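# sequence-free structure coming up:
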């Protein structure tokens, strides 16, 4: 990894001071003996630091109280057996603590930050001479989003109003020192999430300093060859993850362009353009002579969606084209006409290759990989990449036997954008209602990392207990509704 | 409970500043993946605060490390299944924590105090991208005992030297803000333990200010009727336990007398004498007209030993007489000859009653309760109370079918004293060798709360994991060896 001290200093200069707000849970039946438990409801999704005020009833405590604390974004998480979770995401992410309280009364300030609405206390061990009394439970909620900056979304449609509110809260709770992907897990800066957050931010909290900071963080810590990492760790200090993905590195380009479009900050645009353009140069090596991106069996070579069956070749081709469009606009803005022309030529070649080799004329859809797989993702990225402007390829793909569907809200975001880009605003809105509205109907306070309308509790990680139920890449409605569906 | 502010202020004035000493564990194989564990050996029994220095090997940590920490005074404790412990002492006493470490490197300062020699770390959850590395483990050991104040015990006998060393360390590690009973559990001031600690302290560390403090603590927080509680809580503030026992309240009297004998501090003697004498007045109510203490079925009315089958009547009678002897000496010292004469008369009546009603001439031993139970304890207290000076009653009792034997080192202490008081120094020394030497042979670093030479892992609490293996009432050899067996 290489570090660019100047970029990192700029990022540091824009590190936000977090807003803090104290929220108390209602505590009712609050006297607990050995084995008892109590669920506190903070009434809203929070990211913050919890303080418990504990006392006792009965004789002077003659032994510590041993208490388990479990934090949950959804109440359903409490019904899962933590012991038996054995998925591949580390169980260290499960938000649970076991503490001993040695003296009473006691103010217990937990040092870690939690993302949660519910807190369950269970007495694992206590003396029979006294009972634990929970006097008060408070959370100091933190976010770099300013509630006062959020204008109401003007609509008479209560469903859309609800979806917008939940999406804004999702974004709000992910806005910390950086745009985190999920404040429960993984709590860091991913380029895929950042791009969608930045779009939603433009329509909502407009903390462009935070977007700028994140762009400089990615630019400030890269692979030796200049490739942007898929994610940045911010603690204990800034360091790029040793993971890079074809699409994620490229998506730095439109993220930079979107930022410029929203702010007109030419200084940042010109300063980071070499880093951004480097991603295109690196990606170009992945193409063969015919202008097609080479397919790969390497797991995670290109993200696109959380789906191990999905062949990524066509999506990767579309993502490259999508990013070239942004690159061309940047080159033109910075008045590098020669480079703009080169990008244009590159774009034309790669677009032609896509049309020639990836479109199955008989099926009327784009296919991917040597097995000519049909997926929704491939059509979406062919549209976003400007290879097609025909929404029918989306519908035809969906109707294909054995089609590979969508898994993540991240993929659904791009599907909605593809519908809008092909003039299908009504279909796009229906998708927002069906997909994000579906989570709202399940009682979501914030939108989830994963949602399958046909199986709401599905998890690719082997257990829902490690899932993030406030996840940045799910904040799309705050962007789409406010940008395309205002009254 | 009533509080005497003046007494409590005096106690506060003698609150010790603890000595601190840093001890490091040798860390060898120290790189742990999911499920791995590591036992660190600090080479000696410690009471203190632990700091871990943790780092990692591999990729940048992308998930917290979830670590279980188990502290043990004896390595054997690790073989016990914590989950299945269901004894009546709260499992909240088990010294174990589960912590999450979110960033690396990390200095983890644990806030609680532990009593331990061994620390076991187990990785409960970690990402596969990195491994936990234990760089360093330190304990800041605390005690109000000053090592420099301890004179070596002069002997050529290696066994006795070892027993003395372990006993001194036991006392040392129990000497904190007060004379604690056990630094693992219960971590408070019990009168039964205090008396034996004060005796050992006189022969070793000679921190008489700490004894004085403890006497004032007992006197400063009592039951409404003036009865001394069995124990004092010191956190979060001084408060008497709502438990009192016949013998424990009375034993305040000889504890005060022993303190005066060791220090000549007449101020404390005269100031606390009314409180001490009040215990005798209260105990007197428990006697019937014939001068016999009334037996009771109430569990724990009189402690004597940790033995539910033991009938306490005769031991209680002996304890009362033992305490009257000290009371008489105090009255004489304070030149209250009238009171001294009253005590003398009371003593004579109670002693006569014991001889008349409690001695079984046929068996040649003292018996206790309506079932005329034969126990070692009854003989011991008849000797300590001055009713008998014949060691044969001890031996005859031991040889009696169905005799109730001794369970705790506390009871063994009194047995050794009874042997010495009846001129059986050789037998007393053999008992020290057999009983405390037995623990030493089991690898004790400090002497235990409980030890049954015939079943070293026995626990009346339903599991050894809650046992205290550094327990004040087991420090007897430091007293006996240095007082009676110096070369």
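Now that the structure is in, tell me what you want to look at. These numbers come from a predicted model, not from an experiment. Numbers count the residues shown, from 1 in each chain, chains lettered A, B, ... in the order given.

# strands paired with the top strand by length along chain A, and their directions?
In chain A, assigned by DSSP state E, the strand with the most residues is strand A:37-58. Here strand A:37-58 is paired, per DSSP bridges, with strand A:106-109 (antiparallel), strand A:114-125 (antiparallel), strand A:130-143 (antiparallel).

# tell me which strands and helices the helix or strand that the longest one is followed by is in contact with?
Taking DSSP states H and E as the definition, the helix or strand that follows strand A:130-143 towards the C-terminus is helix A:158-174. With contacts defined as 3 or more Cβ pairs under 8 Å, 6 or more residues apart in numbering or on different chains; DSSP states H and E, helix A:158-174 has these neighbours: strand A:37-58, helix A:191-203, helix A:437-441, helix A:476-484. Glycine gets a C-beta too; all of them are placed from N, C-alpha and C.

# please redo it, this time with the cut-off set to 6 Å
With contacts taken as 3 or more Cβ pairs under 6 Å, 6 or more residues apart in numbering or on different chains; DSSP states H and E, helix A:158-174 sits against helix A:437-441, helix A:476-484.

# just these: most buried one?
Of all these, helix A:476-484 has the most neighbours on average by mean count of other Cβ atoms under 10 Å in any protein chain shown, namely a mean of 24.

# can you check what angle separates that one from helix A:191-203?
40 degrees (axes from the mean of the first three to the mean of the last three Cα atoms, to 10 degrees).

# for helix A:476-484, which outside residues touch it?
Helix A:476-484 is contacted by residues A:153, A:160, A:163-164, A:167-168, A:171, A:199-200, A:203-204, A:413, A:416, A:432, A:436 when judged by Cβ atoms under 6 Å, 6 or more residues apart in numbering or on different chains.

# so what's the gap between it and the chain middle?
16 Å (Cα atoms, centre = their mean, to the nearest Å).

# got the angle for that helix vs helix A:158-174?
With the same axes, to 10 degrees applied, the angle from helix A:476-484 to helix A:158-174 works out at 120 degrees.

# close to chain B: what parts of chain A are there?
For chain A, the contact set with chain B under Cβ under 6 Å from any Cβ of the partner chain comprises A:59-60, A:63-64, A:66, A:90-93, A:98, A:103, A:125-127, A:233, A:235-236, A:239, A:242.

# just the buried subset of those, written out for ChimeraX, thanks.
The ChimeraX command for the buried members of the residues of chain A next to chain B (criterion: 16 or more other Cβ atoms under 10 Å in any protein chain shown) is given here:
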select /A:60,63,64,66,90,91,92,93,98,125,126,127,233,239
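
# on that earlier part again, quick one: closest of the strands paired with strand A:37-58 to residue B:461.
Set against residue B:461 and scored by Cβ to Cβ, the strands paired with strand A:37-58 come closest in strand A:114-125, at 13.1 Å.

# need the pLDDT of residue A:184.
On the pLDDT scale, residue A:184 is placed at 98.

# how much space separates it from residue B:138?
Per Cβ to Cβ, to the nearest Å, residue A:184 is found 33 Å from residue B:138.

# and residue A:386, how close does it get to chain B?
Per Cβ to the nearest Cβ, to the nearest Å, residue A:386 is found 35 Å from chain B.

# which of the helices or strands spans that residue?
For residue A:386, there is no helix or strand it lies in under DSSP H and E.

# also residue A:381?
Per DSSP H and E: helix A:376-384 holds residue A:381.

# pLDDT of that helix, averaged?
98.

# same for whichever helix or strand comes after that helix, what does it pack against?
Counting by DSSP H and E, the next helix or strand C-terminal to helix A:376-384 is helix A:392-399. Helix A:392-399 sits against strand A:365-366, helix A:376-384, with contacts defined as 3+ Cβ pairs under 6 Å, 6+ apart.

# just to revisit the earlier point, any idea how far the helix or strand that the longest strand of chain A is followed by is from the chain center?
Note on strand A:37-58: by DSSP H and E, the next helix or strand toward the C-terminus is strand A:65-72. Chain-centre distance of strand A:65-72: 28 Å, with Cα atoms, centre = their mean.

# for stretch A:341-352, same thing?
On Cα atoms, centre = their mean, the centre of stretch A:341-352 falls 31 Å from the chain's centre.

# quick one: contacts of it?
Counting by Cβ under 6 Å, 6+ apart, A:291, A:321, A:324, A:327, A:328, A:331, A:387 sit against stretch A:341-352.
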